[in-house]
Each structure stands twice: as structure tokens, then as C-alpha cells.
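> Model the following, please.
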Amino acid sequence: MEFKLSDTNSIANRFIAELRDARIQQDRMRFRKNLERIGEVLAYEISKKLKYEEWKVETPLGLASVSVPKEDLVIGTILRAGLPMHQGMLNFFDSAGSAFVSAYRRHHKDGSFEIKVEYISCPDLEDRVLILTDPMLATGASMDVAIKELHNFGKPAKIHIATAIASTYGLERIRRLYPEAYIWMGAVDEELTAKSYIVPGLGDAGDLSFGAKVQE
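The predicted model follows:
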């Protein structure tokens, strides 16, 4: 199952437009805030697919029946670019656990690269719902490695993948590898450069959010 925010006109279109805008990107705080907002909007959409249970809530005047999510969530992110979206998810799913995957691309002289994982922090995932965030789904390699590594902490009952911008290539790869996963996106772009940047995309989300480049 897939969901794309840009298929329907909403205020999220403005957040995506500002993320892409090279002029507005100069304001790092606004760039991070827009990623956080995309995380919030996607969290709201994901919440519609969760299982619910009925609560009886005592008000000053009586009892009210309210349906609330009952599933145990873990929100994971690929460091460092995923942190603002992670926070957006936590703003809505405030009782969720958190998982962090420190991964980076190691480039080779022939232009190829491999994904290296340095560090993982994760609670038990067995039978829990995993929401994994990364603002850019380019080749899908980082997402694939992260999911495989996180499976060492248990088998999730369901996997949701949330991204601001996906490439067609990365989307098709994740569809093929994880057909059971839900994929939530802000928008999808067709092209990848030789260095695996999405076009038109928005650039390097980690650098735009935090400034410093990762040393390879």
C-alpha cells in the first residue's frame, strides 16, 4: 500500500515546495521545521491505518466513548537526516519507542558505494509496529540495510516507511523487497543522478538540516 501527499492538494504542498526551494533552504531552522511538519502530516495519515480500541473517558458531565490507537509503536530513523521527521512523528505518537540507525555511504573510486552501519539503538520490535523515517528515498539502499539490521531486534507486526521525497527507482526497489510494507511519501521524482541524488529532489537533507558534512 502506498500513499502520496502530493496526490491531493493540501497545506502539505507548501511544506514540500519550501523544502525544495533553494532560497528558503538557506534558513536551516525553517528547513528542519518543514521536515518536521511532513512527519506530522504523515503521522496523521498513518494513524488511520492503525488498530483501535474503545476507551471510556470520564468528563465533568458524564462518560464519553472514544476510539484510540491500541498498537505499540516504535519510530525509527536513519541518522542524521531523519531526525526532524522523527520529531514530527513523535509529536503525534508521543508514547512510541524510538530506534536510531547510524548509517552512511562509503563511496568507491569506480563510482559505486556501499552502506555502512556504525551504530543501532532499538527497543524490542517483536509484534510491534515499526515506522521508519528517512526524508529521501533515493536508491532505497539505506532503507533496505536499516530494515534488515532492525530485524535483529525482533519481527515487527507491521512496517511503515515514511519519506518526504522518493525516487521512482527507490520506490520500486522497496516495493520489491518489502511488498508487505506501507510506504508514505510527500512526493515522487523520476530521475536519479550518477551520484544517486534525486532530481529535482531538494539536495542533501542532512547538510541542509545541520550544516556539517559527514566525513567518509
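> element containing residue 103, please.
strand 97-107 (DSSP states H and E).
> now that strand: mean pLDDT?
Per-residue pLDDT values over strand 97-107 give a mean of 81.
> what's the answer for stretch 156-172, then?
Throughout stretch 156-172, pLDDT has a mean value of 96.
> mind checking the longest helix of this protein?
Secondary structure of the chain read by DSSP state H shows that its longest helix is helix 28-47.
> Tell me the helices and strands packed up against that helix.
With contacts defined as 3 or more C-beta pairs under 8 Å, 6 or more residues apart in numbering; DSSP states H and E, helix 28-47 has these neighbours: helix 12-20, helix 83-92, strand 129-133, strand 158-167, strand 182-189, helix 205-210. C-beta: built from backbone N, CA, C; applies to glycine.
> and those, which one is worst for confidence?
Mean pLDDT is lowest for helix 205-210 among the helices and strands packed on helix 28-47, at a mean of 89.
> show me the contacts for the residue most central in space within the chain.
For the chain, the residue sitting closest to the mean C-alpha position, by C-alpha atoms, centre = their mean, is residue 133 at 1.9 Å. Shown in contact with residue 133 (C-beta atoms under 8 Å, 6 or more residues apart in numbering): 39, 75-78, 82, 85-86, 89, 162-163.
> tell me the residue furthest from the middle of the protein?
Farthest-out residue of the chain from its mean C-alpha position, per C-alpha atoms, centre = their mean: residue 61, at 41.0 Å.
> Report the distance from the host helix or strand of residue 119 to the chain centre.
With elements taken from DSSP H and E, the one containing residue 119 is strand 113-121. Here strand 113-121 is found 17 Å from its chain centre; the criterion is C-alpha atoms, centre = their mean, to the nearest Å.
> what packs against it?
Contacts defined by 3+ C-beta pairs under 8 Å, 6+ apart place strand 113-121 against strand 97-107, helix 141-150.
> now that strand and helix 141-150, what's the angle there?
When axes from the mean of the first three to the mean of the last three C-alpha atoms, to 10 degrees is applied, the directions of strand 113-121 and helix 141-150 differ by 40 degrees.
> Partner strands of strand 113-121 and their direction?
For strand 113-121, the paired strands and their directions (DSSP bridges) read strand 97-107 (antiparallel).
> re earlier: any idea of the mean pLDDT for the strand holding residue 119?
Across strand 113-121, the per-residue pLDDT values average to 79.
> if we can go back for a sec, turn the helices and strands packed on helix 28-47 into a markdown table, columns for distance to residue 49.
Conversion of these to a markdown table gives the following (distance: least, C-beta to C-beta, whole Å):
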| stretch | distance to residue 49 |
| --- | --- |
| helix 12-20 | 18 |
| helix 83-92 | 14 |
| strand 129-133 | 9 |
| strand 158-167 | 8 |
| strand 182-189 | 6 |
| helix 205-210 | 25 |
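> Those: which one's closest to residue 141?
For residue 141, the closest of the helices and strands packed on helix 28-47 is strand 158-167, at 11.5 Å, according to C-beta to C-beta.
> and the closest one, C-alpha only, in PDB?
What follows is strand 158-167 as a C-alpha-only set of coordinates in PDB (Å, rounded to 0.1, in the frame of the first residue of the first chain):
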ATOM      1  CA  LYS A 158       3.800  -4.100  10.500                       C
ATOM      2  CA  ILE A 159       6.300  -1.800   8.800                       C
ATOM      3  CA  HIS A 160       5.500   1.700   7.700                       C
ATOM      4  CA  ILE A 161       8.100   3.600   5.700                       C
ATOM      5  CA  ALA A 162       7.800   7.400   5.700                       C
ATOM      6  CA  THR A 163       9.800   9.800   3.400                       C
ATOM      7  CA  ALA A 164       9.500  13.300   2.100                       C
ATOM      8  CA  ILE A 165      10.700  12.700  -1.400                       C
ATOM      9  CA  ALA A 166      11.100   9.300  -3.100                       C
ATOM     10  CA  SER A 167      12.600   8.400  -6.500                       C
END
